[in-house]
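>>> Kindly return the folded structure for what I paste below:
(chains A and B, ligands or ions: 2)
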Amino acid sequence: MSPDKKTVTPDEEKEIETTGHSWDGIREFNNPLPRWWLWTFYATIIWGLAYMVVYPAFPLLKQATQGLIGYDSRASLEEDINVFKQANAPLDTALVSTALEDIGARPDLAHYAATGGAAVFKTFCAQCHGAGAAGAKGYPNLLDDDWLWGGSIGDIHLTIRHGIRQEGDDDTRASEMPAFGEILERSEIADVTHYVLSIAGSTHNPSLVNSGSRVFAENCADCHGPEGRGNRELGAPNLTDRIWLYGRSQQAVAETITNGRKGMMPAWQDRLTEAQIRQVTYYIHQLGGGE
Amino acid sequence: MAQKVSTPSLYAAREPVFPRRVKGRFRTLKWWIMGVTLGIYYLTPWIRFDRGPDMPDQAVLVDLAGRRFFMFWIEIWPHEFYFVAGLLIMAGIGLFLFTSALGRVWCGYACPQTVWTDLFILVERWIDGDRNARIRLWSRKWDPGKIAKRLFKWSLWLLIGMLTGGAWVFYFADAPSLAASLWAGTAPPVAWASIGVLTATTFVFGGFMREQVCTYMCPWPRIQAAMMDEDTLTIGYRSWRGEPRARHQRRMDAEAHGDCIDCNACFNVCPMGIDIRDGQQLQCITCALCIDACDDVMRRLGRPRGLIDYMALSDEANERAGGKPRPAWRHIFRPRTILYTVIWSLIGVALVYGLFIRSDLEFSVAPVRNPVFVTLADGTIRNIYELRLRNKSPEVKSFIIGIDSEFSDLKLSLGDKLQPSVTVMADSTYLQRVYVLAEPKSRPALTATTPITFWVADKDGGRTYHVKSVFNGEKR
Ligand code: SF4
Ligand code: SF4
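Residues are numbered from 1 along each chain as shown, chains lettered A, B, ... in the order given. Ligands and ions are numbered 1, 2, ... in the order given. Next comes the predicted model:
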């Protein structure tokens, strides 16, 4: 039997190994970490170095180091995009070859157009018409039932393809409200302003309405129609409803008459594919205002 | 106290642990827990449960693609994740409860690391023999016999590891068809990858790292201290009864000696390789095997059991003075554990209540606030709502939609649909934009907000569901 080392009382101090480090009399016990832990640590360092060599890593003056396997996040993104493009190709073809009016009857196309159109709208249209398509002063609200150029799906398609007042595009919508400040007297402008307010059902001065109606018949009826109901051929708005692109206050109407209005919208046929245009057309048409 | 001057080593190789076989009440309990937990783990995915056509007939299934979680008659949809969160919170509080009452009892009995390590040690003992044989084999040169034993043992471990990883993936797909595709080699890569990773970790953690996982990798031993107090029952050595310890031969002539015969049985059975007589240690997983070992020694010596035992710090002074320990239930039922139990039960009751009140149909209405309202040409004010119907039942259902408000000039419109009626497919969600129109110059058209209630009525079932919302008019 070996001498009994273990028959010590717990009170008897055991010699405890320390690292020899001592701060203000506080000593550090040596509780060594397991060796595999150390090797794991080394392995992560090697992994990190290898990663740096294999993948693009260090920024240099012009370009970062390229890595050994030529990984390129832009190229892989393009690849991903192409995969989706290819997957969507049959739907795109079907969308382009289906009559606009029939898209809604095909659930797969309708869903594809509505979701794709929402994305197109948010990317290209939301800057002017707002993320919810509610428009702003001078930018039509696409949710209501008032359309300058018509709200059928075919009308909307034409507007998007050819834009408004786009030079060099023969099919573009030509919106041209002249500035009557150079044509009419100030008093005539005041008269016609109150006449327009009256047919719009807004607060107005009844004493000016009669003279205003004569000014209207001579100068405005050509475009807006004898009753002021507008003309979609010319993009002339209906003046008898509650929807006013530039505002319905007396000041706003007078300003419009004096200075004229010349709305513009880009022609998207050169910038978007026909499938994209049809998507966003369908999307807008089904928002609630489509005719 | 002497201080070592030589440069200490900061890293140490693992000291192999060769736990000896032991019999006793806690070991038996552990065998039972192992059998039950492994049984649950391996068999659960194979339980069938009929949910009707087009629905998975696996009782417990995590359907990641369909984003559904099935558990017998319970079906959790992604927006009901709070059920899962609630279960996780309950698991956490349960852990607090057990730890404050019984220390690292989870580690010792139910932790997968412990259960699988136990299983691996069982295989090891079957092939290599018990502690002494294993030590001899370990220190032996690599001769063909040792190589053969090692290869046999490792391949059995690998097999267990593979079955472990294999069982895991069955929770995520239809078990029989996945098993068939695994057999045919046509299973999806993610299944193979999961099995591969879990095989590797089971093999390495259960076979080679064992106690190192509990000591160095698991954060739990460092957190558990916050959950324990001096009333917590942990494994301890009654030094006032055992000391001074003396080996058998010397006991005859020693004048005063304690009950401990220094046989090291408690140390030899410890899977963590620690000597509990040194006091509570971070490494101890309270598996109580040392209790079983020492109780056996005490029985043979004709001494009462419990030299090593579940005990609490608060009893120490009293026991040292010759008093009796307080009964275990006094340690288990105290304000702290009762509080944990109450919180735990409240969450559980809330979850069960939530399960019972939730219906097969969920109906929600979200007003579209961009824009808040639209003025139509004739001055009609229109609000847009997104109406969502979730049909969680296995049948196709049809509903009539309507609105209630105190104003008759509010009208519901479903866009170009003429009938205010919708059909929702089984187990799916239906989304529809609907419009509410207020006549020009009517009260709701001119006030800022008007409360309205949407309702859907089940065409056959007769049940009606309501959702409150508001109608936004022009502010005046
Ligand atoms: S000291 Fe005892 S209870 Fe703790 S791990 Fe070892 S055998 Fe288990
Ligand atoms: S098993 Fe019991 S008697 Fe044997 S050394 Fe451990 S405490 Fe002492």
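
>>> what separates stretch B:400-419 from the chain centre, distance-wise?
48 Å (Cα atoms, centre = their mean, to the nearest Å).

>>> What count of nearby residues applies to residue 46?
Picking chain A for this. 9 (other Cβ atoms under 10 Å in any protein chain shown). All C-beta spots, glycine's among them, are computed from the backbone N, C-alpha and C.

>>> That was the other one, I meant chain B.
So B:Trp46, with other Cβ under 10 Å, has 14 neighbours.

>>> which SSE is the residue of the stretch 51-200 of chain A found nearest chain B in?
Nearest residue of the stretch 51-200 of chain A to chain B: A:Gly132, at 3.2 Å (Cβ to the nearest Cβ). According to DSSP states H and E, A:Gly132 maps onto no helix or strand at all.

>>> swap in B:Trp183?
Using DSSP H and E, the element containing B:Trp183 is helix B:175-184.

>>> secondary structure class for the residue lying closest to the residue of the stretch 51-200 of chain A closest to chain B once chain neighbours are set aside?
Excluding its sequence neighbours, the residue lying closest to A:Gly132 (Cβ to Cβ, 6 or more residues apart in numbering or on different chains) is B:Asn370, at 3.2 Å. Per DSSP: H, G, I helix; E, B strand; the rest coil, the secondary structure class of B:Asn370 is coil.

>>> Could you double-check that B:Asn370 lies in contact with A:Ala131?
Yes. B:Asn370 is in contact with A:Ala131 according to Cβ atoms under 8 Å; the separation is 6.0 Å.

>>> Distance-wise, check B:Tyr41 relative to B:Ser155.
According to Cβ to Cβ, to the nearest Å, B:Tyr41 and B:Ser155 sit 22 Å apart.

>>> More neighbours: which of the two?
B:Tyr41 (16 against 10).

>>> need the helix or strand of chain B with the lowest average pLDDT.
helix B:248-251 (a mean of 58; mean pLDDT, DSSP states H and E).

>>> Is the following helix or strand past that one positioned near ligand 1?
Next in sequence after helix B:248-251, counting helices and strands by DSSP H and E, comes helix B:265-268. No. Shown here: helix B:265-268 not in contact with ligand 1 (Cβ under 6 Å from any ligand atom), separated by at least 6.5 Å.

>>> okay, A:Lys5: pLDDT?
You'll see A:Lys5 listed with a pLDDT of 39.

>>> before we move on, which element is B:Arg326 in?
Using DSSP H and E, no element contains B:Arg326; it sits outside every helix and strand.

>>> And it, how far from A:Ser202?
Computed as Cβ to Cβ, the B:Arg326 to A:Ser202 distance reads 88 Å.

>>> now do B:Ile343
64 Å.

>>> Poorly predicted segments of the stretch 351-476 of chain B, please.
B:416-418, B:476 (pLDDT under 70).

>>> Excluding chain neighbours, give the residue nearest to the residue of it found nearest ligand 2 in space.
Using Cβ to the nearest ligand atom, the single residue of the stretch 351-476 of chain B nearest to ligand 2 is B:Leu351, 45.0 Å away. Closest residue in space to B:Leu351, ignoring its immediate chain neighbours: B:Gly86 at 4.7 Å, by Cβ to Cβ, 6+ apart.

>>> Wait, a helix at the one you found?
Yes. Counting by three-state DSSP, B:Gly86 is part of a helix.

>>> Give me the most central residue, the chain.
Going with chain A. Residue closest to the average C-alpha location in chain A (Cα atoms, centre = their mean): A:Lys122, at 2.0 Å.

>>> oops, chain B please
Centroid-nearest residue in chain B: B:Ala91, 6.0 Å away (criterion: Cα atoms, centre = their mean).

>>> mind checking how far it is from ligand 2?
35 Å (Cβ to the nearest ligand atom, to the nearest Å).

>>> ok, that residue - contacts?
Residues near B:Ala91 by Cβ atoms under 8 Å, 6 or more residues apart in numbering or on different chains: none.

>>> Give me the contact list for the longest helix along chain A.
Looking across chain A with DSSP state H, the single longest helix is helix A:73-97. Helix A:73-97 is touched from outside by A:Ile103, A:Arg106, A:Asp108, A:Leu109, A:Tyr112, A:Ala113, A:Gly116, A:Thr273, A:Glu274, A:Ala275, A:Arg278, A:Gln279, with contacts defined as Cβ under 8 Å, 6+ apart.

>>> can we see that at 10 Å?
With contacts defined as Cβ atoms under 10 Å, 6 or more residues apart in numbering or on different chains, helix A:73-97 is touched by A:55-56, A:72, A:103, A:106, A:108-113, A:116, A:273-279, A:282.

>>> Just after it, pick out the following helix or strand.
helix A:107-120.

>>> Buried residues, the next helix-or-strand element following that next one. List them.
Downstream of helix A:107-120, the next assigned helix or strand under DSSP H and E is helix A:126-129. Buried residues in helix A:126-129, defined by neighbour count with 16 or more other Cβ atoms under 10 Å in any protein chain shown: A:His129.

>>> Need the CA coordinates for helix A:126-129. PDB is fine.
Included here for helix A:126-129 are C-alpha records, laid out as PDB according to Å, rounded to 0.1, in the frame of the first residue of the first chain:
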ATOM      1  CA  ALA A 126     -44.200  55.900 -57.300                       C
ATOM      2  CA  GLN A 127     -41.900  59.000 -57.500                       C
ATOM      3  CA  CYS A 128     -44.700  61.000 -59.100                       C
ATOM      4  CA  HIS A 129     -47.900  59.100 -58.300                       C
END
